[in-house]
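> I need the structure of the sequence given here:
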Amino acid sequence: MDIKLAKTQRLPMTKVVLLVIALLVGGLVVFTKAYTQSASNVVFQDELIVAKVQQGEFELSVKGLGSLVLEKRHLVTSISGGKVVEVLVKPGEMVTQGMIIARLENPALHQTLTQKQSLLSKTVAQHEAELAELKAKVQQAKTAHYDAFLAYKAEKAQWQAQKTLIDKGNSTISMLDHQRSEFAMQRSQKQVELQQTSVATQQAVLQAKMTAQQAEQASLYSEIKLLKENITALKVRAPITGQIQDVFIELGMQLASTSSVAEVADPRLLVAKINVAELDAPQVQVGQQATIDTYTSRFGAVVNRVSPKVVNGQVEVELSITNTLPIEARDKLNIEGVIVTSHQSNATFVAMPANAVANNQASVFVVDKHLATKKTVKFGQRSVNYIEVLEGLNKNQTIIISDMEKYTQDSQVLVR
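Numbers count the residues shown, from 1 in each chain. Purely as a prediction, here's the structure:
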């Protein structure tokens, strides 16, 4: 008799696989739950920017954007008016001091110069004739004075002789004749005085005339000199050695005196002007060291002026360049400037978190392996890229400095 054995039922393979997967997933969930503790969200490491807390010398600095500008610009103007007949330079060309950059034409100046020179010659001749006449009058007055003086001496000698004879008792000389001799002597003496006054008067007239003539001639000489200078100035020259920045004239233009012709500057005499935030401006002082970045080169500078005005929340700071300029340096080149305002010899600091504010508290995520925990940190002074840590972080801790605003409700997040 045949005995039938009961067949053992086996679970289908598919169910076995699903059971294994379920067990693995359950185990992973339990493991993850235990590993992440209270992490309520997940962030990916390649989306984060992290920084390590440092300790040591902390350099406080202020940053600003701006440009290089020419330290001095020379505006070339036309001393003389005239028509532009030649322009010899273009913007960007180098010129040396005294080099002709433009030529003007003004026939009226040449004509006026000829007329003034002719008038001067005529005036000088006329003055010489007037002086000759006045000198002759002076000489006549001197001659008359000398004749009067001789006459006085003769009258006085006669009166003296008569007086001597009368004093000796000589009766041949009457008192009447002696009296007449005395009157004649006095008249001659008075004539000498009058002639002496006449000489002084003629000499004064001569001197006054000479002074007036000299002033008149000097005026003409001055006019002629000015005309010659204006004619020479029709060749407009560069006042310094430098580079032509701009040219304001064209052929055929009629220029008045003091019209703008061109602008020239030494291209190597540059200063940097940057704008810093008005809240950072009080930290900036004249004499502080700075670094200028042209985005190609870096070189040193020093603060030499801080504007007292705030414009659109910015304060202009001017920096003098202390190092050799790089080859790309030129007027209006965009730059970035960093000014060192102070140093701290032993401070705790970290790269600037996105939500950090100087002298205030903020929450940051401290990373420990794959877990980031939110922590409140008290920050101090800020620099360009770093901020001082006063409380809440220790040296070598790693924090997330990128924007974590969407995780503000999380106390911990998992970092994958």
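
> now residue 102: how far from residue 254?
13 Å (Cβ to Cβ, to the nearest Å). C-beta here means a position set from N, CA and C on the backbone, and glycine is covered the same way.

> can you check residue 133 too?
In this view, residue 133 and residue 254 are 49 Å apart by Cβ to Cβ.

> do the same with residue 376
Per Cβ to Cβ, residue 376 is found 75 Å from residue 254.

> before we move on, the earlier item: between residue 102 and residue 254, what contacts are shared?
Common neighbours of residue 102 and residue 254 (criterion: Cβ atoms under 8 Å, 6 or more residues apart in numbering): residue 84.

> Can you list the low-confidence ranges for the chain?
In the predicted model, the chain carries pLDDT under 70 at residues 1-39, 171.

> So it: which segments form each domain?
39-70+269-415, 74-106+234-265, 107-232 (automatic domain parsing).

> any chance of the ones you listed in TSV, plus mean neighbour count?
TSV is the format used below for the domains of the chain (neighbours: other Cβ atoms under 10 Å):
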stretch	mean neighbour count
domain 39-70+269-415	16
domain 74-106+234-265	17
domain 107-232	14
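
> name the helices or strands packed onto the helix ranked longest in the chain?
For the chain, the helix with the greatest residue count under DSSP state H is helix 107-167. Counting contacts by 3 or more Cβ pairs under 8 Å, 6 or more residues apart in numbering; DSSP states H and E, helix 107-167 packs against helix 175-232.

> let's see it at 10 Å
Where contact means 3 or more Cβ pairs under 10 Å, 6 or more residues apart in numbering; DSSP states H and E, helix 107-167 is packed against strand 82-87, helix 175-232.

> Just the angle for that helix relative to helix 175-232, thanks.
Following axes from the mean of the first three to the mean of the last three Cα atoms, to 10 degrees, one obtains 170 degrees for the angle between helix 107-167 and helix 175-232.

> so helix 107-167 versus strand 82-87, what angle?
Going by the same axes, to 10 degrees, helix 107-167 makes 120 degrees with strand 82-87.

> who's in contact with residue 223?
Residue 223 is in contact with 112-113, 116-117, 119-120, counting by Cβ atoms under 10 Å, 6 or more residues apart in numbering.

> Which member of those residues is positioned nearest residue 56?
Proximity of the contacts of residue 223 to residue 56 (Cβ to Cβ) peaks at residue 113, which lies at 77.6 Å.

> check contacts around the closest residue to the closest one other than its chain neighbours.
Spatial nearest neighbour of residue 113, excluding adjacent residues (Cβ to Cβ, 6 or more residues apart in numbering): residue 227 at 4.3 Å. With contact set as Cβ under 10 Å, 6+ apart, residue 227 has these partners: 80, 109-117.

> cool, residue 395 as well?
52-56, 348-350, 389.

> Take those and lay them out in TSV including distance to residue 141 and secondary structure.
Listed next are those as TSV, based on distance: Cβ to Cβ, whole Å; DSSP: H, G, I helix; E, B strand; the rest coil:
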residue	distance to residue 141	secondary structure
52	110	strand
53	109	coil
54	105	strand
55	106	strand
56	103	strand
348	106	strand
349	102	strand
350	106	strand
389	106	strand
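
> Any figure for the gap between the residue lying closest to residue 278 once chain neighbours are set aside and residue 62?
Closest residue to residue 278 apart from its sequence neighbours, by Cβ to Cβ, 6+ apart: residue 310 at 4.9 Å. Relative to residue 62, residue 310 is positioned 15 Å away (Cβ to Cβ).

> just residue 416 next, same as before
Plainly put, residue 416 is 38 Å away from residue 62 if you go by Cβ to Cβ.

> cool, and residue 121?
Residue 121 sits 72 Å away from residue 62, going by Cβ to Cβ.

> tell me the contacts of residue 256?
Counting by Cβ under 10 Å, 6+ apart, residue 256 touches 77-78, 80-82.

> of all the residues you listed, which comes closest to residue 203?
Nearest to residue 203 out of these is residue 80 (Cβ to Cβ; 44.5 Å).

> Is the closest one in a helix, a strand, or coil?
Put simply, residue 80 is coil when judged by DSSP: H, G, I helix; E, B strand; the rest coil.

> That one against residue 261, yeah?
No - using Cβ atoms under 10 Å, residue 80 makes no contact with residue 261, being 11.1 Å away.

> which neighbours do those two share?
Common neighbours of residue 80 and residue 261, counting by Cβ under 10 Å, 6+ apart, are 104, 236, 255.

> Closest to residue 357 out of these?
Using Cβ to Cβ, residue 236 comes nearest to residue 357 of those, at 58.0 Å.

> What residues are bridge-paired with that closest one?
Each beta-bridge partner of residue 236 is listed here, defined by DSSP bridges: residue 102.

> check contacts around it.
Going by Cβ under 10 Å, 6+ apart, residue 236 touches 76-80, 82, 84, 86-89, 100-104, 249, 255, 261-262.

> Check residue 292 too.
By Cβ under 10 Å, 6+ apart, the contact list for residue 292 reads 66, 68, 270, 272, 274, 298-301, 319, 321-323, 325-326, 329, 333, 335-339.

> how about CSV for the contacts of residue 223, with distance to residue 281 added?
Formatted as CSV, these follow (distance: Cβ to Cβ, whole Å):
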residue, distance to residue 281
112, 58
113, 58
116, 60
117, 63
119, 65
120, 64
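
> Of these, which is the nearest to residue 158?
residue 120 (57.1 Å).

> Now distance to residue 380 too, for the helices and strands packed on helix 107-167, in CSV please.
Listed next are the helices and strands packed on helix 107-167 as CSV, based on distance: least, Cβ to Cβ, whole Å:
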stretch, distance to residue 380
strand 82-87, 61
helix 175-232, 66
